[in-house]
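S.K.: please find the sequence and the predicted model below.
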Amino acid sequence: MTSTGTAELVIVANRLPVDRVVEADGSLHWRRSPGGLVSAMEPVMKLHGGAWVGWPGSADDVIEPFEEDGLQLIPISLSASEVEEFYEGFSNGTLWPLYHDVVAKPEFHREWWDSYVTVNRRFAEKAAEVAAPHAMVWVHDYQLQLVPQMLRDLRPDLRIGFFLHIPFPPAELFQQLPWRRQVLEGLLGADIVGFQLPGGAQNFVRLVRQRVGFKTHRDTVYLPDGRLVRAASYPISIDTADFEALARSVTVTERAAAIREALGNPKRVILGVDRLDYTKGIYPRLRAYAELVADGVFDVEDTVFVQVATPSRERVEQYRRLRDEIDRLVGRVNGDLGEIGRPAISYLHSSYPREEMAALYRAADIMMVTPYRDGMNLVAKEYVACRYDNDGALVLSEFAGAAFELSQSWLVNPYDINGMKAALVEAASAEPKELTRRMKAMRKTVIEKDVASWASGFLDDLTTIRPVHRRRVRR
Ligand code: ADQ
(Lines give C-alpha, C1' and ligand atoms only; values in the text may rest on other atoms or scores of the structure.)
Protein backbone atom coordinates (compact mmCIF):
# COMPACT_ATOMS: atom_id res chain seq x y z
CA MET A 1 0.00 0.00 0.00
CA THR A 2 1.35 3.46 -0.81
CA SER A 3 1.01 6.23 1.76
CA THR A 4 -2.60 7.27 2.24
CA GLY A 5 -4.64 10.43 2.54
CA THR A 6 -7.66 11.36 4.59
CA ALA A 7 -10.66 11.47 2.23
CA GLU A 8 -13.28 8.82 3.05
CA LEU A 9 -14.99 9.30 -0.31
CA VAL A 10 -13.16 10.24 -3.49
CA ILE A 11 -14.88 11.14 -6.74
CA VAL A 12 -12.67 10.77 -9.80
CA ALA A 13 -14.07 12.39 -12.94
CA ASN A 14 -12.59 13.91 -16.07
CA ARG A 15 -13.68 17.41 -15.03
CA LEU A 16 -13.68 19.14 -11.67
CA PRO A 17 -17.17 20.29 -10.66
CA VAL A 18 -16.17 23.97 -10.98
CA ASP A 19 -15.47 26.37 -13.85
CA ARG A 20 -12.87 29.07 -13.71
CA VAL A 21 -14.27 32.57 -14.05
CA VAL A 22 -12.11 35.56 -14.94
CA GLU A 23 -13.70 38.85 -13.82
CA ALA A 24 -13.44 42.12 -15.77
CA ASP A 25 -10.71 43.31 -13.37
CA GLY A 26 -8.68 40.20 -14.16
CA SER A 27 -9.34 38.49 -10.82
CA LEU A 28 -9.87 34.76 -10.85
CA HIS A 29 -12.37 32.64 -9.04
CA TRP A 30 -14.19 29.34 -9.35
CA ARG A 31 -17.90 28.83 -9.93
CA ARG A 32 -19.69 25.58 -9.25
CA SER A 33 -20.74 23.83 -12.49
CA PRO A 34 -24.50 23.57 -12.73
CA GLY A 35 -24.73 19.76 -13.19
CA GLY A 36 -26.99 17.52 -11.10
CA LEU A 37 -24.09 15.20 -10.24
CA VAL A 38 -22.42 17.89 -8.16
CA SER A 39 -25.54 18.77 -6.19
CA ALA A 40 -26.31 15.07 -5.64
CA MET A 41 -22.81 14.39 -4.38
CA GLU A 42 -22.42 17.49 -2.24
CA PRO A 43 -24.18 16.27 0.93
CA VAL A 44 -22.39 12.88 0.87
CA MET A 45 -19.08 14.54 0.10
CA LYS A 46 -19.43 16.92 3.03
CA LEU A 47 -20.53 14.11 5.32
CA HIS A 48 -17.57 11.90 4.42
CA GLY A 49 -14.89 14.57 4.10
CA GLY A 50 -14.91 13.86 0.40
CA ALA A 51 -12.44 14.91 -2.28
CA TRP A 52 -12.97 15.35 -6.02
CA VAL A 53 -10.13 14.59 -8.43
CA GLY A 54 -10.50 16.10 -11.92
CA TRP A 55 -9.15 18.29 -14.70
CA PRO A 56 -9.82 22.03 -14.36
CA GLY A 57 -10.61 22.31 -18.09
CA SER A 58 -7.70 24.06 -19.77
CA ALA A 59 -4.31 22.84 -20.91
CA ASP A 60 -1.09 23.23 -18.95
CA ASP A 61 -2.79 24.50 -15.80
CA VAL A 62 -0.85 23.48 -12.73
CA ILE A 63 -3.09 24.22 -9.76
CA GLU A 64 -2.62 23.21 -6.15
CA PRO A 65 -5.49 21.41 -4.39
CA PHE A 66 -8.02 23.89 -3.01
CA GLU A 67 -11.28 24.03 -1.16
CA GLU A 68 -14.38 25.56 -2.70
CA ASP A 69 -17.73 25.75 -0.98
CA GLY A 70 -16.76 22.99 1.44
CA LEU A 71 -15.59 20.64 -1.33
CA GLN A 72 -11.98 19.50 -1.45
CA LEU A 73 -10.85 19.79 -5.07
CA ILE A 74 -7.75 18.06 -6.42
CA PRO A 75 -6.79 19.33 -9.90
CA ILE A 76 -5.08 17.07 -12.44
CA SER A 77 -3.00 18.86 -15.02
CA LEU A 78 -3.14 17.93 -18.73
CA SER A 79 -0.62 19.19 -21.29
CA ALA A 80 -1.80 20.60 -24.62
CA SER A 81 -0.82 17.38 -26.39
CA GLU A 82 -2.69 15.31 -23.79
CA VAL A 83 -5.81 17.41 -24.33
CA GLU A 84 -5.43 16.63 -28.02
CA GLU A 85 -4.62 12.93 -27.74
CA PHE A 86 -6.27 11.72 -24.52
CA TYR A 87 -9.32 14.00 -24.48
CA GLU A 88 -10.18 15.07 -28.01
CA GLY A 89 -8.51 12.03 -29.52
CA PHE A 90 -9.06 8.75 -27.68
CA SER A 91 -11.99 9.88 -25.50
CA ASN A 92 -13.98 11.84 -28.06
CA GLY A 93 -12.66 10.58 -31.40
CA THR A 94 -12.41 6.86 -30.54
CA LEU A 95 -14.56 5.87 -27.55
CA TRP A 96 -17.46 8.32 -27.93
CA PRO A 97 -18.42 7.25 -31.48
CA LEU A 98 -17.60 3.57 -30.83
CA TYR A 99 -19.85 3.47 -27.76
CA HIS A 100 -22.65 5.33 -29.56
CA ASP A 101 -23.39 2.70 -32.20
CA VAL A 102 -20.62 3.97 -34.52
CA VAL A 103 -22.96 6.81 -35.55
CA ALA A 104 -19.70 8.45 -36.68
CA LYS A 105 -16.62 6.46 -37.61
CA PRO A 106 -14.26 5.93 -34.67
CA GLU A 107 -10.59 6.56 -35.30
CA PHE A 108 -7.97 4.25 -33.84
CA HIS A 109 -4.54 5.75 -33.26
CA ARG A 110 -1.82 4.18 -31.16
CA GLU A 111 -0.50 7.55 -29.91
CA TRP A 112 -3.99 8.42 -28.66
CA TRP A 113 -4.12 5.16 -26.74
CA ASP A 114 -0.69 5.77 -25.20
CA SER A 115 -1.83 9.16 -23.99
CA TYR A 116 -5.05 7.61 -22.58
CA VAL A 117 -2.95 5.18 -20.52
CA THR A 118 -0.63 7.95 -19.26
CA VAL A 119 -3.46 10.24 -18.21
CA ASN A 120 -5.49 7.44 -16.61
CA ARG A 121 -2.41 6.56 -14.55
CA ARG A 122 -2.08 10.15 -13.38
CA PHE A 123 -5.70 10.16 -12.17
CA ALA A 124 -5.24 6.79 -10.43
CA GLU A 125 -2.05 7.90 -8.66
CA LYS A 126 -3.69 11.06 -7.41
CA ALA A 127 -6.76 9.18 -6.13
CA ALA A 128 -4.46 6.68 -4.38
CA GLU A 129 -2.72 9.58 -2.68
CA VAL A 130 -5.81 11.32 -1.28
CA ALA A 131 -7.98 8.32 -0.26
CA ALA A 132 -8.06 7.34 3.41
CA PRO A 133 -7.48 3.67 4.34
CA HIS A 134 -10.46 1.57 3.17
CA ALA A 135 -12.12 4.62 1.65
CA MET A 136 -14.64 4.52 -1.18
CA VAL A 137 -13.59 5.78 -4.59
CA TRP A 138 -16.17 6.44 -7.29
CA VAL A 139 -14.69 6.73 -10.78
CA HIS A 140 -16.78 8.27 -13.56
CA ASP A 141 -17.11 7.73 -17.27
CA TYR A 142 -15.46 6.67 -20.48
CA GLN A 143 -12.40 8.91 -20.19
CA LEU A 144 -11.20 6.95 -17.11
CA GLN A 145 -11.90 3.27 -17.74
CA LEU A 146 -8.38 2.15 -16.82
CA VAL A 147 -8.40 3.92 -13.46
CA PRO A 148 -10.17 1.17 -11.43
CA GLN A 149 -7.47 -1.47 -12.02
CA MET A 150 -4.57 0.98 -11.81
CA LEU A 151 -5.95 2.19 -8.51
CA ARG A 152 -6.51 -1.31 -7.18
CA ASP A 153 -2.89 -2.17 -7.93
CA LEU A 154 -1.80 0.83 -5.86
CA ARG A 155 -4.42 0.56 -3.12
CA PRO A 156 -5.99 -2.91 -2.75
CA ASP A 157 -7.66 -1.73 0.48
CA LEU A 158 -10.12 0.59 -1.30
CA ARG A 159 -13.68 -0.04 -2.36
CA ILE A 160 -13.85 1.08 -5.96
CA GLY A 161 -16.98 1.87 -7.97
CA PHE A 162 -17.16 2.86 -11.62
CA PHE A 163 -20.10 4.42 -13.45
CA LEU A 164 -20.34 4.78 -17.22
CA HIS A 165 -22.55 7.72 -18.28
CA ILE A 166 -22.72 6.71 -21.93
CA PRO A 167 -23.99 3.45 -23.47
CA PHE A 168 -21.84 0.35 -23.27
CA PRO A 169 -21.96 -1.13 -26.77
CA PRO A 170 -22.76 -4.67 -27.86
CA ALA A 171 -19.82 -7.05 -28.34
CA GLU A 172 -20.07 -6.77 -32.14
CA LEU A 173 -19.05 -3.10 -31.94
CA PHE A 174 -16.78 -3.12 -28.89
CA GLN A 175 -14.66 -5.81 -30.51
CA GLN A 176 -13.39 -3.30 -33.06
CA LEU A 177 -11.32 -1.64 -30.35
CA PRO A 178 -7.67 -2.73 -30.67
CA TRP A 179 -7.30 -2.31 -26.88
CA ARG A 180 -10.55 -4.07 -25.95
CA ARG A 181 -8.97 -6.44 -23.46
CA GLN A 182 -7.08 -3.70 -21.64
CA VAL A 183 -10.27 -1.65 -21.28
CA LEU A 184 -12.23 -4.61 -19.89
CA GLU A 185 -9.43 -5.41 -17.47
CA GLY A 186 -9.27 -1.76 -16.42
CA LEU A 187 -12.97 -1.78 -15.54
CA LEU A 188 -12.66 -5.08 -13.69
CA GLY A 189 -10.55 -3.30 -11.08
CA ALA A 190 -13.84 -1.96 -9.67
CA ASP A 191 -16.08 -3.80 -7.19
CA ILE A 192 -19.15 -2.45 -8.96
CA VAL A 193 -19.28 -1.43 -12.60
CA GLY A 194 -22.44 0.64 -13.08
CA PHE A 195 -24.27 1.33 -16.33
CA GLN A 196 -27.32 3.41 -17.27
CA LEU A 197 -29.29 0.38 -18.50
CA PRO A 198 -29.36 -3.37 -17.82
CA GLY A 199 -28.36 -3.92 -21.47
CA GLY A 200 -25.01 -2.18 -20.90
CA ALA A 201 -24.29 -4.41 -17.91
CA GLN A 202 -25.19 -7.51 -19.93
CA ASN A 203 -22.95 -6.43 -22.82
CA PHE A 204 -20.08 -5.97 -20.38
CA VAL A 205 -20.49 -9.32 -18.65
CA ARG A 206 -20.73 -11.13 -21.97
CA LEU A 207 -17.57 -9.44 -23.25
CA VAL A 208 -15.67 -10.28 -20.07
CA ARG A 209 -16.63 -13.93 -20.52
CA GLN A 210 -15.69 -13.98 -24.18
CA ARG A 211 -12.61 -11.78 -24.25
CA VAL A 212 -11.04 -12.12 -20.79
CA GLY A 213 -12.24 -15.66 -20.13
CA PHE A 214 -13.43 -15.12 -16.53
CA LYS A 215 -16.35 -17.07 -15.15
CA THR A 216 -19.58 -15.09 -14.91
CA HIS A 217 -23.03 -15.75 -13.55
CA ARG A 218 -25.85 -13.24 -14.17
CA ASP A 219 -24.49 -9.86 -13.02
CA THR A 220 -21.37 -11.19 -11.31
CA VAL A 221 -17.85 -11.79 -12.60
CA TYR A 222 -15.72 -14.26 -10.63
CA LEU A 223 -12.04 -13.35 -10.77
CA PRO A 224 -9.41 -16.08 -10.40
CA ASP A 225 -8.03 -14.44 -7.24
CA GLY A 226 -11.39 -14.81 -5.49
CA ARG A 227 -12.59 -11.26 -5.99
CA LEU A 228 -16.11 -10.51 -7.26
CA VAL A 229 -17.12 -7.74 -9.63
CA ARG A 230 -20.76 -6.81 -9.98
CA ALA A 231 -22.16 -5.22 -13.15
CA ALA A 232 -25.52 -3.52 -12.68
CA SER A 233 -27.67 -0.67 -13.95
CA TYR A 234 -28.20 2.62 -12.13
CA PRO A 235 -30.21 4.95 -14.39
CA ILE A 236 -29.07 8.49 -13.62
CA SER A 237 -31.58 11.24 -12.93
CA ILE A 238 -31.93 14.93 -12.10
CA ASP A 239 -32.66 17.10 -9.07
CA THR A 240 -36.37 16.90 -9.79
CA ALA A 241 -37.64 19.00 -6.88
CA ASP A 242 -35.17 21.73 -7.67
CA PHE A 243 -36.23 21.89 -11.33
CA GLU A 244 -39.89 21.91 -10.41
CA ALA A 245 -39.37 24.70 -7.88
CA LEU A 246 -37.57 26.73 -10.53
CA ALA A 247 -40.37 26.08 -13.02
CA ARG A 248 -42.98 27.29 -10.51
CA SER A 249 -41.12 30.49 -9.66
CA VAL A 250 -42.53 33.84 -10.74
CA THR A 251 -39.43 34.80 -12.71
CA VAL A 252 -39.46 31.60 -14.74
CA THR A 253 -43.22 31.79 -15.30
CA GLU A 254 -42.92 35.35 -16.58
CA ARG A 255 -39.92 34.50 -18.70
CA ALA A 256 -41.78 31.55 -20.28
CA ALA A 257 -44.62 33.89 -21.25
CA ALA A 258 -42.11 36.37 -22.64
CA ILE A 259 -40.51 33.65 -24.78
CA ARG A 260 -43.89 32.73 -26.30
CA GLU A 261 -44.65 36.39 -26.86
CA ALA A 262 -41.32 36.89 -28.65
CA LEU A 263 -42.16 33.92 -30.86
CA GLY A 264 -45.42 35.66 -31.87
CA ASN A 265 -47.69 33.79 -29.45
CA PRO A 266 -48.04 30.76 -31.71
CA LYS A 267 -50.52 27.99 -31.00
CA ARG A 268 -47.70 25.50 -30.62
CA VAL A 269 -44.03 25.69 -29.64
CA ILE A 270 -41.85 22.67 -30.35
CA LEU A 271 -38.49 22.57 -28.58
CA GLY A 272 -35.17 20.77 -28.97
CA VAL A 273 -32.26 21.30 -26.53
CA ASP A 274 -28.99 19.49 -27.02
CA ARG A 275 -25.26 19.74 -26.98
CA LEU A 276 -24.40 20.08 -30.67
CA ASP A 277 -23.42 16.44 -31.08
CA TYR A 278 -23.92 14.01 -33.95
CA THR A 279 -25.45 11.45 -31.57
CA LYS A 280 -28.34 13.75 -30.68
CA GLY A 281 -30.31 13.38 -33.94
CA ILE A 282 -30.87 17.12 -34.45
CA TYR A 283 -30.87 16.87 -38.25
CA PRO A 284 -33.66 14.29 -38.73
CA ARG A 285 -35.80 15.99 -36.10
CA LEU A 286 -35.63 19.35 -37.89
CA ARG A 287 -36.32 17.61 -41.19
CA ALA A 288 -39.43 15.91 -39.80
CA TYR A 289 -40.78 19.28 -38.67
CA ALA A 290 -39.80 21.06 -41.91
CA GLU A 291 -41.52 18.41 -44.01
CA LEU A 292 -44.72 18.81 -41.99
CA VAL A 293 -44.62 22.54 -42.70
CA ALA A 294 -43.88 21.92 -46.38
CA ASP A 295 -46.71 19.34 -46.52
CA GLY A 296 -49.10 21.97 -45.12
CA VAL A 297 -49.80 19.95 -41.95
CA PHE A 298 -48.20 22.65 -39.81
CA ASP A 299 -48.26 26.36 -40.57
CA VAL A 300 -45.34 28.57 -39.49
CA GLU A 301 -47.94 31.08 -38.33
CA ASP A 302 -49.06 28.75 -35.57
CA THR A 303 -46.39 26.08 -35.08
CA VAL A 304 -42.77 27.11 -34.51
CA PHE A 305 -39.65 25.19 -33.66
CA VAL A 306 -37.01 26.39 -31.19
CA GLN A 307 -33.74 24.49 -31.38
CA VAL A 308 -31.05 25.25 -28.83
CA ALA A 309 -27.77 23.57 -29.73
CA THR A 310 -24.71 24.50 -27.70
CA PRO A 311 -21.53 23.92 -29.70
CA SER A 312 -19.19 21.42 -28.05
CA ARG A 313 -15.87 19.69 -28.84
CA GLU A 314 -15.34 22.10 -31.69
CA ARG A 315 -11.76 21.06 -32.23
CA VAL A 316 -12.93 17.62 -33.32
CA GLU A 317 -13.47 17.57 -37.08
CA GLN A 318 -16.78 15.64 -37.01
CA TYR A 319 -18.29 18.27 -34.70
CA ARG A 320 -17.31 21.14 -36.99
CA ARG A 321 -18.83 19.31 -39.93
CA LEU A 322 -22.07 18.66 -38.04
CA ARG A 323 -22.36 22.32 -37.10
CA ASP A 324 -22.05 23.31 -40.77
CA GLU A 325 -24.66 20.75 -41.80
CA ILE A 326 -27.22 21.95 -39.25
CA ASP A 327 -26.48 25.61 -40.09
CA ARG A 328 -27.17 24.85 -43.75
CA LEU A 329 -30.37 22.91 -43.02
CA VAL A 330 -31.77 25.67 -40.78
CA GLY A 331 -30.86 28.30 -43.40
CA ARG A 332 -32.60 26.31 -46.12
CA VAL A 333 -35.74 25.61 -44.07
CA ASN A 334 -36.09 29.22 -42.98
CA GLY A 335 -35.36 30.48 -46.49
CA ASP A 336 -37.95 28.17 -48.04
CA LEU A 337 -40.66 28.15 -45.39
CA GLY A 338 -40.23 31.17 -43.11
CA GLU A 339 -42.05 34.46 -43.37
CA ILE A 340 -40.97 37.97 -42.49
CA GLY A 341 -40.56 38.11 -38.72
CA ARG A 342 -41.58 34.45 -38.52
CA PRO A 343 -38.76 31.98 -39.06
CA ALA A 344 -39.89 28.36 -39.00
CA ILE A 345 -36.93 27.42 -36.79
CA SER A 346 -35.42 29.71 -34.15
CA TYR A 347 -31.92 28.36 -33.87
CA LEU A 348 -29.69 29.30 -30.92
CA HIS A 349 -26.14 28.35 -30.04
CA SER A 350 -26.17 29.87 -26.55
CA SER A 351 -25.53 28.15 -23.29
CA TYR A 352 -28.14 29.23 -20.73
CA PRO A 353 -28.48 29.38 -16.98
CA ARG A 354 -30.87 26.85 -15.46
CA GLU A 355 -33.64 29.46 -15.05
CA GLU A 356 -33.68 30.04 -18.80
CA MET A 357 -33.69 26.30 -19.47
CA ALA A 358 -36.69 25.91 -17.15
CA ALA A 359 -38.44 28.82 -18.91
CA LEU A 360 -37.86 27.17 -22.29
CA TYR A 361 -39.28 23.88 -20.97
CA ARG A 362 -42.29 25.78 -19.60
CA ALA A 363 -42.78 27.56 -22.94
CA ALA A 364 -42.75 24.36 -25.01
CA ASP A 365 -45.89 22.40 -25.86
CA ILE A 366 -43.87 19.61 -27.41
CA MET A 367 -40.35 18.58 -26.48
CA MET A 368 -38.41 16.58 -29.07
CA VAL A 369 -35.53 14.45 -27.75
CA THR A 370 -34.50 12.23 -30.64
CA PRO A 371 -30.91 10.97 -30.25
CA TYR A 372 -29.61 8.15 -32.45
CA ARG A 373 -28.11 6.80 -29.22
CA ASP A 374 -27.83 8.34 -25.74
CA GLY A 375 -26.77 6.92 -22.37
CA MET A 376 -29.74 8.51 -20.60
CA ASN A 377 -30.59 12.07 -21.72
CA LEU A 378 -31.30 14.42 -18.87
CA VAL A 379 -33.11 17.00 -21.02
CA ALA A 380 -36.08 14.61 -21.33
CA LYS A 381 -36.28 14.27 -17.54
CA GLU A 382 -35.85 18.02 -16.98
CA TYR A 383 -38.77 18.75 -19.30
CA VAL A 384 -40.97 16.30 -17.39
CA ALA A 385 -39.88 17.81 -14.04
CA CYS A 386 -40.96 21.27 -15.21
CA ARG A 387 -44.47 20.24 -16.40
CA TYR A 388 -46.10 20.43 -12.98
CA ASP A 389 -49.57 20.88 -14.53
CA ASN A 390 -49.23 17.47 -16.20
CA ASP A 391 -49.38 19.08 -19.64
CA GLY A 392 -46.96 19.11 -22.56
CA ALA A 393 -45.88 16.24 -24.82
CA LEU A 394 -42.54 14.45 -24.93
CA VAL A 395 -41.45 12.88 -28.22
CA LEU A 396 -38.57 10.61 -27.28
CA SER A 397 -36.16 8.37 -29.16
CA GLU A 398 -36.32 4.67 -28.37
CA PHE A 399 -32.53 4.78 -28.38
CA ALA A 400 -32.19 7.20 -25.46
CA GLY A 401 -31.64 5.50 -22.12
CA ALA A 402 -34.50 7.66 -20.81
CA ALA A 403 -36.95 5.68 -22.99
CA PHE A 404 -36.53 2.79 -20.58
CA GLU A 405 -38.24 4.75 -17.78
CA LEU A 406 -40.26 7.32 -19.75
CA SER A 407 -42.21 4.78 -21.77
CA GLN A 408 -45.38 6.92 -21.69
CA SER A 409 -43.77 9.45 -24.05
CA TRP A 410 -44.33 9.29 -27.79
CA LEU A 411 -41.52 6.89 -28.61
CA VAL A 412 -39.89 7.22 -32.03
CA ASN A 413 -37.15 5.73 -34.14
CA PRO A 414 -34.99 8.73 -35.16
CA TYR A 415 -33.93 6.97 -38.36
CA ASP A 416 -37.58 6.86 -39.49
CA ILE A 417 -38.53 10.36 -40.61
CA ASN A 418 -42.11 9.37 -41.50
CA GLY A 419 -42.53 7.72 -38.12
CA MET A 420 -41.30 10.89 -36.41
CA LYS A 421 -43.68 13.01 -38.48
CA ALA A 422 -46.58 10.77 -37.47
CA ALA A 423 -45.64 10.94 -33.78
CA LEU A 424 -45.28 14.72 -33.94
CA VAL A 425 -48.73 15.07 -35.50
CA GLU A 426 -50.20 12.73 -32.91
CA ALA A 427 -48.58 14.61 -30.04
CA ALA A 428 -49.71 17.93 -31.51
CA SER A 429 -53.33 16.82 -31.75
CA ALA A 430 -53.56 14.78 -28.54
CA GLU A 431 -56.51 15.48 -26.24
CA PRO A 432 -55.61 17.18 -22.94
CA LYS A 433 -56.74 14.05 -21.12
CA GLU A 434 -54.25 11.95 -23.05
CA LEU A 435 -51.43 14.42 -22.39
CA THR A 436 -52.24 14.40 -18.69
CA ARG A 437 -52.33 10.63 -18.49
CA ARG A 438 -48.91 10.30 -20.06
CA MET A 439 -47.25 13.20 -18.25
CA LYS A 440 -48.58 12.17 -14.86
CA ALA A 441 -47.06 8.71 -15.19
CA MET A 442 -43.70 10.11 -16.31
CA ARG A 443 -43.67 12.67 -13.51
CA LYS A 444 -44.23 9.94 -10.96
CA THR A 445 -41.06 8.26 -12.21
CA VAL A 446 -38.80 11.32 -12.13
CA ILE A 447 -40.14 12.40 -8.75
CA GLU A 448 -39.53 8.98 -7.21
CA LYS A 449 -36.20 8.44 -8.86
CA ASP A 450 -34.13 11.59 -8.63
CA VAL A 451 -30.39 12.10 -8.73
CA ALA A 452 -30.04 11.83 -4.95
CA SER A 453 -31.62 8.37 -4.97
CA TRP A 454 -29.37 7.41 -7.90
CA ALA A 455 -26.22 8.44 -6.01
CA SER A 456 -27.24 6.84 -2.73
CA GLY A 457 -28.34 3.67 -4.53
CA PHE A 458 -24.88 3.30 -6.04
CA LEU A 459 -22.96 4.20 -2.89
CA ASP A 460 -25.12 1.96 -0.67
CA ASP A 461 -24.40 -0.98 -2.96
CA LEU A 462 -20.72 -0.15 -2.91
CA THR A 463 -20.76 -0.05 0.89
CA THR A 464 -22.52 -3.36 1.30
CA ILE A 465 -21.05 -5.43 -1.54
CA ARG A 466 -19.09 -8.47 -0.47
CA PRO A 467 -15.97 -8.11 -2.61
CA VAL A 468 -14.59 -11.62 -2.03
CA HIS A 469 -16.39 -14.90 -2.46
CA ARG A 470 -15.85 -17.86 -0.22
CA ARG A 471 -14.26 -20.38 -2.52
CA ARG A 472 -11.71 -19.38 -5.08
CA VAL A 473 -12.89 -20.23 -8.55
CA ARG A 474 -10.49 -21.89 -10.89
CA ARG A 475 -10.42 -20.57 -14.44
P1 ADQ B 1 -24.86 14.78 -22.33
O2 ADQ B 1 -24.54 14.09 -23.60
O3 ADQ B 1 -24.22 16.10 -22.14
O4 ADQ B 1 -24.56 13.86 -21.06
P5 ADQ B 1 -27.71 15.17 -21.40
O6 ADQ B 1 -27.99 14.01 -20.53
O7 ADQ B 1 -28.87 15.58 -22.21
O8 ADQ B 1 -26.49 14.93 -22.38
O9 ADQ B 1 -27.28 16.38 -20.49
C10 ADQ B 1 -27.16 17.66 -20.99
C11 ADQ B 1 -27.25 18.67 -19.84
O12 ADQ B 1 -26.80 19.91 -20.33
C13 ADQ B 1 -28.68 18.85 -19.34
O14 ADQ B 1 -28.67 18.98 -17.95
C15 ADQ B 1 -29.12 20.16 -20.01
O16 ADQ B 1 -30.01 20.94 -19.23
C17 ADQ B 1 -27.81 20.90 -20.16
N18 ADQ B 1 -27.85 21.75 -21.37
C19 ADQ B 1 -28.04 21.35 -22.64
N20 ADQ B 1 -28.03 22.42 -23.46
C21 ADQ B 1 -27.83 23.49 -22.69
C22 ADQ B 1 -27.71 24.90 -22.96
N23 ADQ B 1 -27.82 25.41 -24.18
N24 ADQ B 1 -27.50 25.72 -21.91
C25 ADQ B 1 -27.40 25.22 -20.67
N26 ADQ B 1 -27.51 23.92 -20.35
C27 ADQ B 1 -27.70 23.07 -21.36
C28 ADQ B 1 -23.98 12.55 -20.84
C29 ADQ B 1 -24.63 11.40 -21.61
C30 ADQ B 1 -26.11 11.36 -21.31
C31 ADQ B 1 -26.35 11.24 -19.80
C32 ADQ B 1 -25.55 12.29 -19.06
C33 ADQ B 1 -25.59 12.06 -17.55
O34 ADQ B 1 -24.39 11.52 -23.00
O35 ADQ B 1 -26.74 10.28 -21.99
O36 ADQ B 1 -27.72 11.44 -19.54
O37 ADQ B 1 -24.18 12.27 -19.44
O38 ADQ B 1 -25.20 10.77 -17.24
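M.R.: Great, that's in hand.
S.K.: for the rest of this, base every contact and every neighbour count on C-alpha atoms.
M.R.: OK.
S.K.: Ala358 and Val252 touch, don't they?
M.R.: Yes - using C-alpha atoms under 8 Å, Ala358 is in contact with Val252, at 6.8 Å.
S.K.: contact residues of the protein facing the ligand?
M.R.: Residues of the chain lying close to the ligand (C-alpha under 6 Å from any ligand atom) are 165-166, 236, 273-275, 308-310, 350-353, 374-379.
S.K.: buried by neighbour count, from the residues you listed: which ones?
M.R.: Listed as buried from these are 165-166, 236, 273-275, 308-310, 374-379; burial here means 16 or more other C-alpha atoms under 10 Å.
S.K.: tell me the one of those nearest Ala104?
M.R.: For these, the closest approach to Ala104 (C-alpha to C-alpha) belongs to Asp374, at 13.6 Å.
S.K.: which phi and psi does the closest one have?
M.R.: phi -150, psi 140 (degrees, to the nearest 10).
S.K.: tell me the buried residues in the lowest-mean-pLDDT helix or strand in the chain?
M.R.: Every helix and strand of the chain was ranked by mean pLDDT, DSSP states H and E. The lowest is helix 36-48, at a mean of 76. Residues Gly36, Leu37, Val38, Ser39, Ala40, Met41, Glu42, Val44, Met45, His48 are the ones in helix 36-48 that count as buried (16+ other C-alpha under 10 Å).
S.K.: now those in TSV, with distance to Ala245?
M.R.: Below are these laid out as TSV (distance: C-alpha to C-alpha, whole Å):
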residue	distance to Ala245
Gly36	15
Leu37	18
Val38	18
Ser39	15
Ala40	16
Met41	20
Glu42	19
Val44	22
Met45	24
His48	28
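S.K.: tell me how the chain divides into domains.
M.R.: 7-236+455-464, 240-448 (the TED database).
S.K.: just list the residues touching the residue in the stretch 101-250 of the chain that the ligand sits nearest to, thanks.
M.R.: For the stretch 101-250 of the chain, the residue closest to the ligand is His165, as judged by C-alpha to the nearest ligand atom, at 4.2 Å. Going by C-alpha atoms under 8 Å, 6 or more residues apart in numbering, His165 touches His140, Asp141, Tyr142, Phe195, Gln196, Gly375, Met376.
S.K.: please apply the same query to Arg180.
M.R.: Phe174.
S.K.: again, 10 Å this time
M.R.: Phe174, Gly186, Leu207, Val208, Arg211, Val212 (C-alpha atoms under 10 Å, 6 or more residues apart in numbering).
S.K.: wait, is Val252 part of a strand?
M.R.: No - assignment of Val252 by DSSP: H, G, I helix; E, B strand; the rest coil gives helix, placing it outside any strand.
S.K.: nearest residue to it other than its sequence neighbours?
M.R.: Ala359 (5.1 Å; C-alpha to C-alpha, 6 or more residues apart in numbering).
S.K.: which SSE is that neighbour in?
M.R.: Secondary structure assigned from DSSP states H and E places Ala359 in helix 354-363.
S.K.: and that helix, which residues are buried?
M.R.: So, applying 16+ other C-alpha under 10 Å, buried residues of helix 354-363: Glu355, Glu356, Met357, Ala358, Ala359, Leu360, Tyr361, Arg362, Ala363.
S.K.: and which of these is nearest the ligand?
M.R.: The closest of those, once distances to the ligand are taken by C-alpha to the nearest ligand atom, is Met357, at 6.5 Å.
S.K.: what's the distance between the closest one and Ile326?
M.R.: As for Met357, its distance to Ile326 is 21 Å (criterion: C-alpha to C-alpha, to the nearest Å).
S.K.: quick one: contacts for Ser233?
M.R.: Contacts of Ser233 (C-alpha under 10 Å, 6+ apart): 163-164, 193-202, 219, 458.
S.K.: so of the residues you listed, which ones are in strands?
M.R.: Judged by DSSP state E, the contacts of Ser233 include Phe163, Val193, Gly194, Phe195 as members of strands.
S.K.: wait, the first one sits on Gln145?
M.R.: Yes - taking contact to mean C-alpha atoms under 10 Å, the distance of 9.3 Å between Phe163 and Gln145 places them in contact.
S.K.: against Asn14, how distant is Lys46?
M.R.: 21 Å.
S.K.: an error on my part: the question was meant for Ala127.
M.R.: From Ala127 to Asn14 the distance is 12 Å (C-alpha to C-alpha).
S.K.: what's the burial count for Ala124?
M.R.: Residues lying near Ala124 (other C-alpha atoms under 10 Å) number 24.
S.K.: kindly report the same for Glu67.
M.R.: So Glu67, with other C-alpha under 10 Å, has 10 neighbours.
S.K.: in space, what's closest to it - neighbours in sequence excluded?
M.R.: Leu73 (5.8 Å).
S.K.: before we move on, what about Ser312?
M.R.: Closest to Ser312 by C-alpha to C-alpha, 6+ apart is Leu276, at 6.0 Å.
S.K.: over to the one you found: give its phi and psi.
M.R.: phi -70, psi 90.
S.K.: just the one 4 residues further on next, same as before
M.R.: With angles defined as degrees, to the nearest 10, Lys280 sits at phi -80, psi -10.
S.K.: then Lys215?
M.R.: phi -70, psi 140.
S.K.: identify the contacts common to Ala127 and Asn14.
M.R.: In contact with both Ala127 and Asn14: Val53, Gly54, Val139, using C-alpha under 10 Å, 6+ apart.
S.K.: what packs against the helix or strand where the first one lies?
M.R.: When secondary structure is defined using DSSP H and E, the element that contains Val53 is strand 51-55. Other helices and strands packing on strand 51-55, by 3 or more C-alpha pairs under 10 Å, 6 or more residues apart in numbering; DSSP states H and E, are strand 7-15, strand 71-75, helix 110-130, strand 131-140.
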